[in-house]
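Engineer: Sharing a sequence plus its predicted fold:
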Amino acid sequence: SGHIGRTLAKLEYIETISLSNNNISGSITQEIEELSQLEHLSTLDLSQNKLFGTLDDIYLGDFPSLKSFDLSNNEISGPISSDFFRDCKPTLSFLSLSGNAIQGSIPTSIDSCTNLHFLNLSKNHIVNDIPDLASLHDLSIIDLSNNALSGGLPKLGPNVIEVHFHNNKLLGSVYKELVSFPMLQILDLSNNVLSGEIPATIGGSLIALNLANNFISGSIPSWASSSLSSLEVLNLSYNALEGEIPSTIGDFEALKVVDLSQNRLSGEGLRSLSRCDKLRILDLSSNNFSGSFPEAFPSHLLSLKLSNNQLRGQIPANFYSKCGSFQVLDLSLNWLQGSVSQLFISCGKLEYLNMSHNFLSGGIPTFQDELNALIMMDLSHNRFVGSIPSSIGYGTQLVSLLLNANKLNGSIPSQVGNCSSLRDM
C-alpha cells in the first residue's frame, strides 16, 4: 500500500513493474511522473489499485521504452487530453485504462500510437464519436464497451481480431468491411442504436457475432457455410428481423449458441438448425414461427426456448427421446396440445421448465427420483386434469411450482412438504 513511485524510480535498470491488485493509493500523476524517468521500463501494470486523479499531466511519450501500460480498475477521472498520446513511442503495444471514471472524447491523436496491438478503454464514461482508427494497422484487440460513445462505427485497421463496442449509443449501419476482415474472430456490437441490414458477406474467421438489442431490420442473409465454418455464437436477438431462417445456417457445423429471440421471424425455423449437432443453446422465443412442433432438432441441446410463437399440435413422441441433456425448456405461450406424460421420464436433468399458456391436457407428469435438479416448473394456464402427483416430493430443489388455471382436483399431497426450498406455488 501507499506510494511507490519515489522508491521504484531509483531502480534505474528495472524493466517490469507489476503491482496489480494491491492497495496502492495516491495521485496517479505523482506516481507516473517519477516512473517515467526509468529508461529501461517496458511493462508498467498498476491495475486494480486505488490510484486517483486525472491524466492531464501524463504523457505516454515520456516513457522511452514502454511496451505495456495498464492503469485499469483504479479511480482515475477526467478526460484523456490530446497530449496523452503525444510522441507515443513505437514500442507501445498494450494500453488499458478500463474500469475507471474517465470522461470526454477519445482524442484523434491516438493514431500516433502506430504499433498498438491491444486497446482497452471500456467501462468508463467516454462520449462522442470514435475516431478513425484505420491507421492502426497492428491493432488486433479493441474494447470500447460500456461507455456512452455515439456516432457511427469507426474505420479499423485490417488486422483486427476482436472488436468489443457493446453497451454504447452507436448509430448507423454495420458497414460491410467491418464484418469482412479476414482475421476477425469476435464482433460484439450489442446494446447500441444500430439500424439498417446485416451485411451479406461475412469474414471467414468469425467465431462470435453479437448484434443483439439494436434496431437492425431486413432478413438474415443466406451466408455461405464455407465463410462461417468457425462460427460458434450467433446472437441477433432484440432486433426487427423478418423472414425465415435461411436453410444455409444448418450447415454451420461449429454453432454452439444461437439466439434469434425477440424479432419478427417466421416459417418453420427449427428445421434449419436441426443439423447443427454441436448446438447447445437455442432461443427462438418471441417471433412468429408457426406450424407443428418440429420433428427434428439438435440432439445435444442444454437449453431450448421456443416461447411466444404460434406452434400448434402435439409434441411428437421422439422429442422426449432427445431431451435427456436439457437443463432449460421453455415452450410457453404457444398453441400446443396433447399429453406430456413422458416428459420427466426422459428429461431428468431439467432445471427450468415452462410450458404455461398452451392447450396441454392429461395428467401432470409424474416426477422421477432422479429429477432433483428442477428449480422452476410452470404448467399453468393449460387443460391438465386429475390430481397433483405425490411424486412431486422428489422435487426437493423446487423454488417455484405453478399449476394454476388448469382443471386439477383433489388435495395437495403431503409430499409437497419435502420441497423445502419452495417459495412460489
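Structural biologist: Nice, thanks for sending it over.
Engineer: only C-alpha atoms for contact and neighbour calcs from this point on.
Structural biologist: OK.
Engineer: where along the protein do the helices fall?
Structural biologist: All helices of the chain, identified by DSSP state H, fall at 5-8, 28-35, 269-273, 317-320, 343-346.
Engineer: and of those, who's closest to N409?
Structural biologist: helix 343-346 (21.1 Å; CA to CA).
Engineer: what pairs with the nearest residue to K407 once chain neighbours are set aside across the strands?
Structural biologist: Nearest residue to K407, sequence neighbours excluded (CA to CA, 6 or more residues apart in numbering): V385, at 4.8 Å. The bridge-partner assignment for V385, based on DSSP bridges, gives G363, K407.
Engineer: got it, and L44?
Structural biologist: I17, F69.
Engineer: Next up, the contacts around it.
Structural biologist: L44 makes contact with 16-18, 66, 68-70, according to CA atoms under 8 Å, 6 or more residues apart in numbering.
Engineer: follow-up on the earlier one: pull the number of nearby residues for the residue nearest to K407.
Structural biologist: Residues contacting V385 under the criterion other CA atoms under 10 Å number 15.
Engineer: Wait, it touches L360, no?
Structural biologist: No - contact criterion CA atoms under 8 Å: V385 and L360 do not qualify, at 9.8 Å.
Engineer: on that earlier part again, what sits against the residue nearest to K407?
Structural biologist: 361-364, 406-409.
Engineer: ok, now how distant is H125 from P154?
Structural biologist: 18 Å (CA to CA, to the nearest Å).
Engineer: Just want to know which of these two has more residues nearby.
Structural biologist: H125 (21 against 15).
Engineer: wait, what's in contact with L241?
Structural biologist: 216-220, 263-265.
Engineer: ok, now with 6 Å
Structural biologist: Contacts here follow CA atoms under 6 Å, 6 or more residues apart in numbering; on that basis L241 touches 217-219, 263-264.
Engineer: ditto for L353
Structural biologist: Counting by CA under 6 Å, 6+ apart, the residues that L353 touches are 329-330, 377.
Engineer: TSV please, covering the residues you listed and showing distance to S303 and pLDDT.
Structural biologist: Below are these laid out as TSV (distance: CA to CA, whole Å; pLDDT from 0 to 100):
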residue	distance to S303	pLDDT
L329	6	95
D330	8	97
M377	15	94
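Engineer: Export the residues you listed to CSV and append columns for distance to R280.
Structural biologist: Listed next are those as CSV, based on distance: CA to CA, whole Å:
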residue, distance to R280
L329, 12
D330, 14
M377, 21
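Engineer: Show me those that map onto strands.
Structural biologist: 329-330, 377 (DSSP state E).
Engineer: and those, which are buried?
Structural biologist: Buried members of the ones in strands among the contacts of L353, counted by 16 or more other CA atoms under 10 Å: 329-330, 377.
Engineer: Identify, from those, the entry nearest to Q103.
Structural biologist: D330 (42.4 Å).
Engineer: quick one: contacts for the closest one?
Structural biologist: Contacts of D330 by CA under 6 Å, 6+ apart are 305, 307, 353-354.
Engineer: ok so, going back, mind giving me CSV with the contacts of L241 and columns for pLDDT and distance to Y320?
Structural biologist: Listed next are the contacts of L241 as CSV, based on pLDDT from 0 to 100; distance: CA to CA, whole Å:
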residue, pLDDT, distance to Y320
S217, 97, 36
G218, 96, 35
S219, 96, 32
N263, 98, 28
R264, 97, 28
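Engineer: Of those, which belong to strands?
Structural biologist: Those of those lying in strands (DSSP E): 217-218, 264.
Engineer: List the buried residues for stretch 44-56?
Structural biologist: In stretch 44-56, counting by 16+ other CA under 10 Å, buried: 44-55.
Engineer: Kindly check the end-to-end length of it for me.
Structural biologist: 18 Å.
Engineer: do the same with stretch 393-405
Structural biologist: 21 Å.
Engineer: which residues are contacting that stretch?
Structural biologist: Under CA under 6 Å, 6+ apart, the answer for stretch 393-405 is 369, 372, 374-381, 415-416, 418-419, 421-425.
Engineer: 8 Å - rerun?
Structural biologist: 367-383, 415-425.
Engineer: Same check on stretch 307-325?
Structural biologist: Contacts for stretch 307-325 (CA under 8 Å, 6+ apart): 284-296, 299-302, 330-340, 342-343, 346-350.
Engineer: A200 contacts W223, correct?
Structural biologist: Yes - using CA under 8 Å, A200 is in contact with W223, at 6.6 Å.
Engineer: Those two: who's more crowded?
Structural biologist: Neighbours were tallied for A200 and for W223 using other CA under 10 Å; the higher tally belongs to W223 (18 against 13).
Engineer: what residues are up against the more buried one?
Structural biologist: By CA under 8 Å, 6+ apart, the neighbours of W223 are 200-202, 248-249.
Engineer: can you redo the residues you listed as TSV with distance to F94?
Structural biologist: TSV is the format used below for the contacts of W223 (distance: CA to CA, whole Å):
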residue	distance to F94
A200	33
T201	31
I202	28
T248	39
I249	37
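Engineer: Where does pLDDT dip in this protein?
Structural biologist: For the chain, residues meeting the criterion pLDDT under 70 lie at 1-3, 269, 370.
Engineer: for N288, which residues make a bridge with it?
Structural biologist: S266.
Engineer: does it really touch R264, like I thought?
Structural biologist: Yes - assessed by CA under 8 Å, N288 is found in contact with R264 at 5.8 Å.
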